[in-house]
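In: build me a structure from this.
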Amino acid sequence: MLETLYKHLETLQEQARKLPSPQQAILTKTLEDLSNSLQEMAAKPVLESATNNTEKVVEIEKINRLLERTVAQQASQISQLQEQLEKEISQHRRDNQALTKSEAKLQAVLRHSPDIISIIGSDGRVRYHSEALQRVLGYNPEEKIGKFHGELIHPDDLLAWQAYFGKLLEAPGMAGTIEYRKRHANGSWLYIESIGNSLLYDSSVQGILINSREIGERKQAEIAVRESELHYRVMSQITSDFAYSFKALPDGKFACEWATEAFERCTGIVPEELESFGWWNSQLVHPDDREILIKQLECCSCSHTGANEYRIINQKGEVRWVRDYWQVVWDKTAERVIRLWGACQEITDRKQVELKLQLVNQVLQAQIASAPLPINCTSNEGNTVVWNRAAENFFGWTAAEVLGKPLPNIPSGQNQDFYALQKSASNGKPQNGLEVSLLKKDGSSIDVWLWVARVRDAGGQTVGSINIFSDISERKRIEEERQKLAAMKKMEEPFWARYVSPPHTHKKHGDG
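Out: Numbers count the residues shown, from 1 in each chain. Coordinates of the predicted model:
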């Protein structure tokens, strides 16, 4: 009987060895206790009395049945444990395969990522660099393992990096971005943008993860934008010109969105105050010019661009002239103007000069018109632009007959010489008191003195010449008569004296 029990125990022990360690330890302990009990029973002396033997046999049979049930239960548990073990092994195999694929994907991502992925220890030394380090900075990632991350950072940016790294050491999690320069393997400096994630307390990382990318083009664009903004601010500060933007409201009113700094210098009003005006303040625009702005707004619905000049009255009460160039933005969906952009140029000084020139021109025109001497002006092309009343009376042609045409009073064959004189005057060589012979409308010839000088515009450019004439025909006639008389006085005797002898000079015939 005991031998049978021992065989069952050996079978259970063999099956227990196939179980995982935790289950194997439990079952092994149970089998050891059962084996010890059987050994104690086998070591006891054989009962002499039949009654005792019978009781022993009964007890052994009970133990045998209990042991069989136990063995059956353990065998069932072992079978269940084996099935569970097979499932766990299968799942473990699948997990390993998935992990292998995931690691392969991660390596592929790290290998082809344009960003540099780095893991830095709490001591600041590099524990890992992705392959992007070679592409971006030209260094072999393996050669930089164990080196300080800050050794390649520009000296001017090193303190900022140290402060940033210190924050990552103090608190776990993501930090903001930081920009700094790093030295390329060729010696140049590249702008780098990095973002750090402190994973020092993550058992799988135990370091600080740094994601870095090269931002040279973006940095150059930012620098260009800053320089452009600086240039704009400087130009806005030194120029009297200003730009503006007005939003067109559905009710037809306009609300100022912004105006550049020069607006305040020109008007004495800060751009923010324009928001309450809807359009230019009625106190700002000169009363005589408000209608111009009203027409401008009315034209917005049919014209995309426009320009006009008007006056504004600044906070000091000064009148300033501006030239306004504007453009509208049309919304096809709303079918209306939604915005008005404009640029105003302060032209007060130029306008004052123009007004002075206009006054001077008016005075000059009046003087030319009322001058007693014939005056005309010709353009660079040789066409007549001024023909005063004295010229009409002197030469016989009316202004309507000659304006816009070449001069009609130049004798045939002398045009080239006469216009050469005008061109010479236009080049800065005025002709004073030149004696010429010109024609009249009736075809007769008249002698005149000619003065020629160039005419310039407001910009100093030569635009033509002015010709002034003085009649010298009468003076020449008188001079000729005077010369004749003088010639006669110089004669000793009349021409006929040689043919008529005086009486006292005749000799008597026969005188000897």
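
In: can you list the domain ranges for this protein.
Out: If you go by automatic domain parsing, the domain ranges for the chain are 2-46+55-79, 113-220, 239-346, 373-476.

In: how about the ones you listed, which one is nearest Gln358?
Out: Gln358 lies closest to domain 373-476 among these, at 10.0 Å (CB to CB). (C-beta placed from N, C-alpha, C; glycine too.)

In: next one: the closest one to chain centre, how far?
Out: Centroid separation between domain 373-476 and its chain, computed with CA atoms, centre = their mean, to the nearest Å, is 56 Å.

In: what residue lies at the spatial centre of the chain?
Out: Nearest to the geometric centre of the chain sits Val225, at 5.8 Å (CA atoms, centre = their mean).

In: tell me the secondary structure of that one, please.
Out: At Val225 the chain is in helix, as set by DSSP: H, G, I helix; E, B strand; the rest coil.

In: can I get the domains of the chain in JSON lines with distance to Gln352, mean neighbour count and mean pLDDT?
Out: Listed next are these as JSON lines, based on distance: least, CB to CB, whole Å; neighbours: other CB atoms under 10 Å; pLDDT from 0 to 100:
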{"stretch": "domain 2-46+55-79", "distance to Gln352": "104", "mean neighbour count": "13", "mean pLDDT": "68"}
{"stretch": "domain 113-220", "distance to Gln352": "46", "mean neighbour count": "16", "mean pLDDT": "91"}
{"stretch": "domain 239-346", "distance to Gln352": "8", "mean neighbour count": "16", "mean pLDDT": "79"}
{"stretch": "domain 373-476", "distance to Gln352": "12", "mean neighbour count": "16", "mean pLDDT": "84"}
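
In: with respect to Leu357, which of those domains lies nearest?
Out: Leu357 lies closest to domain 373-476 among those, at 5.5 Å (CB to CB).

In: distance between the ends of the closest one?
Out: One end of domain 373-476 to the other measures 18 Å (CA to CA, to the nearest Å).

In: so can I have a markdown table of the domains of the chain showing distance to Leu485?
Out: Shown next, in a markdown table, are those (distance: least, CB to CB, whole Å):
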| stretch | distance to Leu485 |
| --- | --- |
| domain 2-46+55-79 | 158 |
| domain 113-220 | 95 |
| domain 239-346 | 67 |
| domain 373-476 | 15 |
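
In: roughly how far apart are the residue nearest to the centre of the chain and Arg218?
Out: 10 Å (CB to CB, to the nearest Å).

In: likewise for Glu142?
Out: Distance, Glu142 to Arg218, by CB to CB: 30 Å.

In: what does Gly413 give?
Out: Distance, Gly413 to Arg218, by CB to CB: 76 Å.

In: what of Tyr164?
Out: For Tyr164, the distance to Arg218 (CB to CB) stands at 19 Å.

In: identify the residues contacting Pro211.
Out: To be clear, residue 211 is Asn; Pro isn't right here. Asn211 is in contact with Asp115, Ile116, Ile117, Ser118, Ser194, Ile195, Gly196, Asn197, counting by CB atoms under 8 Å, 6 or more residues apart in numbering.

In: if we go to 7 Å?
Out: Each residue near Asn211 by CB atoms under 7 Å, 6 or more residues apart in numbering is listed here: Asp115, Ile117, Ser194, Ile195.

In: and the third one, that one's in a strand?
Out: Yes: applying three-state DSSP, one finds Ser194 inside a strand.

In: tell me the bridge partners for it.
Out: Note on Ser194: beta-bridge partners Ile178, Ser212, judged by DSSP bridges.
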